[in-house]
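[1] I'd like to go over a predicted model; first the sequence, then the structure.
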Amino acid sequence: MPGAKTTLLIEGTFEELTDEFAQYIDSLKKSQGDESANLQAESAELLKENKKDEVLKKLVVGSQALNQAPEKEFIAAYNLLIHLVNQSPNVSMFLPKMCQNLSAPISSSPYNGGGLALSILSTIFNTTQPTNEARYQVLLAILRVIRATSNFETLRPQLKQLDSWLVEWKTPEEDARKLYLAVSDVAADAGESEQAYTYLLRALRTFPSEQASSPEARELSLRALKSALTHPSHYDFQDLTDLDSIQALRNSDPVHFQLLEIFNSDLLDDFNDFKDEHDGWVEESGLDGAALNRKMRLLTLASMAASAGQTRSLPYEKIAKGLQVPLEDVEMWVIDVIRAGLVEGKLSQLNQTFLIHRSTYRVFGDNQWREVASRLDLWRNSLQGVLQVIQQEKQRFLQEKEDEANKADQKADMASRFGGRGGQRKQQQQRAIDEDMD
């Protein structure tokens, strides 16, 4: 698979190696009954005129015979061809045909053919300059082989580099879309539905606004919509409704768009009304009715939890009514919605109540803003009450300190007064004694 840039070390001049490869191709073809094979002589004539690119064209076309080469010789032969092609200033001219040949089944190795092809394609990718846009075609060929061999795990580590590669190659949006779709198809075939959906969305984001209503955009939008609705763990549809191509379905496919809006923000009652209005449409559209019913119940319970208000609790009876299920099934649905990550809380079997710890709105619109405003008003009033109590306590504390200070001043004043009078009496007594002695 693609990795660090690779250098092939093969000794010999271009002429010597060309003759060696052409001779090998001729011997392969003759062993398969093609006695007219004469690539060696044709290449020698062209080399006399120094037409190296013409020689390489013949070698690349002839390399199709390598698909019948013995397994032990396959990689060595292709490495030689890659080395020769890299001598040309026009490498990009030869890579599409080589990729085409490697994308075809390798008949000499029905069991290991996919691995051999991936090995050679990876070598081609890694020996090509990182900024060379020809790498794009090589990567598409790698994806074709991976898809044919159901080898998605080989691709997974490389996905994180995909966007940086597209930037290096200055890839147009249309080509980026083609690559994203190829990755999505490989992931879908491997059962990697989450990755398939992710790269399908990336493909949709490459459509400019003026192409949002194009047939291709419509086809991919419907594919993404159906994938999101039926995916067992996909509950947030904002990633879809934000796309221009999805919004364009409002006009081209209004029933599909109506269904998406219901799953984005409405409840089970609305879904049932939709099914009554469009009887049989869900099944005719290839959607799994049972899966949609289950998802809609989980989404409805999530909305009920988010709208529970200050009580932060839901009685079992209310849940049963909202989900249209028997009372004895309520706990099962609550457990499922918690497992889905839509709500956090705990069941109170004694009180037949679901106590909500955390809930999230599916959409955030006018109603949700009004509820936020209501809660903020409640908190503000509560904080004003707290502030009033704090101010009263502060005032009381300051008053107490002031009273204590006044009392201390009074005591000091009294002490100074009584202390002054005692001193005068002592002075008078001392003068009287002095006079008697005289």
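    Structure received.
[2] any idea how far the residue positioned nearest the centre of the chain is from residue 227?
    Among the residues of the chain, the one closest to the centroid is residue 198, at 5.9 Å (CA atoms, centre = their mean). For residue 198, the distance to residue 227 equals 10 Å [CB to CB, to the nearest Å]. Yep, even glycine has a C-beta here, placed from its N, CA and C like the rest.
[3] list the contacts of stretch 320-336.
    Stretch 320-336 has contacts (CB atoms under 8 Å, 6 or more residues apart in numbering) with 267-268, 272, 297-298, 300-301, 304, 316-317, 319, 343, 345, 347, 349, 354.
[4] filter those residues down to the buried ones, PyMOL style.
    Isolation of the buried members of the contacts of stretch 320-336 (16 or more other CB atoms under 10 Å) is achieved in PyMOL through the command below:
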select buried, resi 267+268+297+298+300+301+304+316+319+343+345+347+354
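[5] just give me the closest of the contacts of stretch 320-336 to residue 396.
    residue 345 (41.9 Å; CB to CB).
[6] checking the closest one next. Helix, strand or coil?
    Look at residue 345: counting by DSSP: H, G, I helix; E, B strand; the rest coil, its state is strand.
[7] just the pLDDT for it.
    For residue 345, the model assigns a pLDDT of 95.
[8] for it, list the residues it contacts.
    Contacts of residue 345 (CB under 8 Å, 6+ apart): 305, 334, 338, 354, 355, 356, 357, 358, 359.
[9] and it, how far from residue 156?
    36 Å.
[10] likewise residue 357?
    According to CB to CB, residue 357 and residue 156 sit 35 Å apart.
[11] and if you look at residue 72?
    Look at residue 72 and residue 156: by CB to CB, they are 29 Å apart.
[12] how about residue 333?
    Note on residue 333: its distance to residue 156, by CB to CB, is 35 Å.
[13] in terms of neighbours, single out the busier of the two.
    More crowded of residue 333 and residue 156, by other CB atoms under 10 Å: residue 333, with 20 against 13.
[14] and the more buried one, what element?
    Here residue 333 is covered by helix 330-339, with elements defined by DSSP states H and E.
[15] one more: residue 129?
    Taking DSSP H and E as the definition, residue 129 sits outside all helices and strands.
[16] now do the same contact list for it.
    Applying CB under 8 Å, 6+ apart, no residues qualify as near residue 129.
[17] quick check: phi and psi on it?
    Main-chain dihedrals, residue 129, degrees, to the nearest 10: phi -50, psi 140.
[18] for it, give me the pLDDT.
    In this model, residue 129 is scored at 90, pLDDT.
[19] hey, where'd the helices end up in the stretch 301-438 of the chain?
    With DSSP state H, counting those that start in this stretch applied, the stretch 301-438 of the chain shows helices at 316-323, 330-339, 366-437, listed in chain order.
[20] what mean pLDDT does the shortest one get?
    This means helix 316-323. Across helix 316-323, pLDDT averages out at 96.
[21] also the second one?
    Confidence over helix 330-339, taken as the mean pLDDT, stands at 96.
[22] mind checking which helix or strand residue 235 is in?
    Assigned by DSSP H and E, residue 235 belongs to no helix or strand.
[23] what's the nearest residue to residue 96 if we skip its chain neighbours?
    Spatial nearest neighbour of residue 96, excluding adjacent residues (CB to CB, 6 or more residues apart in numbering): residue 137 at 5.5 Å.
[24] include distance to residue 126 when you put the contacts of residue 345 into TSV, please.
    Formatted as TSV, the contacts of residue 345 follow (distance: CB to CB, whole Å):
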residue	distance to residue 126
305	52
334	53
338	47
354	56
355	57
356	54
357	51
358	48
359	50
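[25] state the pair within these that is farthest apart.
    Between any two of the contacts of residue 345, the greatest separation by CB to CB is 13.6 Å, found for 334 and 358.
[26] more neighbours: which of the two?
    Taking neighbours as other CB under 10 Å, residue 334 and residue 358 compare with residue 334 leading, 21 against 12.
[27] all strands for the chain, in order.
    313-315, 343-348, 353-359 (DSSP state E).
[28] how far does the second one sit from the chain's center?
    Which is strand 343-348. Averaging C-alpha positions (CA atoms, centre = their mean, to the nearest Å) puts strand 343-348 28 Å from its chain's average.
[29] what's the angle from it to helix 330-339?
    Put simply, strand 343-348 runs at 150 degrees to helix 330-339, going by axes from the mean of the first three to the mean of the last three CA atoms, to 10 degrees.
[30] partner strands of strand 343-348 and their direction?
    Here strand 343-348 is paired, per DSSP bridges, with strand 353-359 (antiparallel).
[31] could you do the first one as well?
    The sheet places strand 313-315 alongside strand 353-359 (antiparallel), with pairing taken from DSSP bridges.
[32] what residues sit buried inside the partner strand?
    353, 354, 356, 359.
[33] and the helices in the stretch 101-250 of the chain?
    Under DSSP H, counting those that start in this stretch, the stretch 101-250 of the chain gives helices at 113-127, 134-149, 152-155, 162-168, 173-189, 193-204, 215-230, 238-241, 244-247, 249-252.
[34] tabulate the CA atom coordinates of the fourth one in PDB.
    Once non-C-alpha atoms are left out, helix 162-168 reads as follows in PDB (Å, rounded to 0.1, in the frame of the first residue of the first chain):
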ATOM      1  CA  LEU A 162      -6.300  11.000   1.500                       C
ATOM      2  CA  ASP A 163      -7.100  14.700   1.900                       C
ATOM      3  CA  SER A 164      -3.500  15.800   2.000                       C
ATOM      4  CA  TRP A 165      -2.800  13.800  -1.200                       C
ATOM      5  CA  LEU A 166      -5.700  15.500  -3.000                       C
ATOM      6  CA  VAL A 167      -4.200  18.900  -2.000                       C
ATOM      7  CA  GLU A 168      -0.700  17.900  -3.200                       C
END
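[35] what's in contact with it?
    Residues contacting helix 162-168 (CB under 8 Å, 6+ apart): 130, 131, 135, 136, 139, 176, 179, 183.
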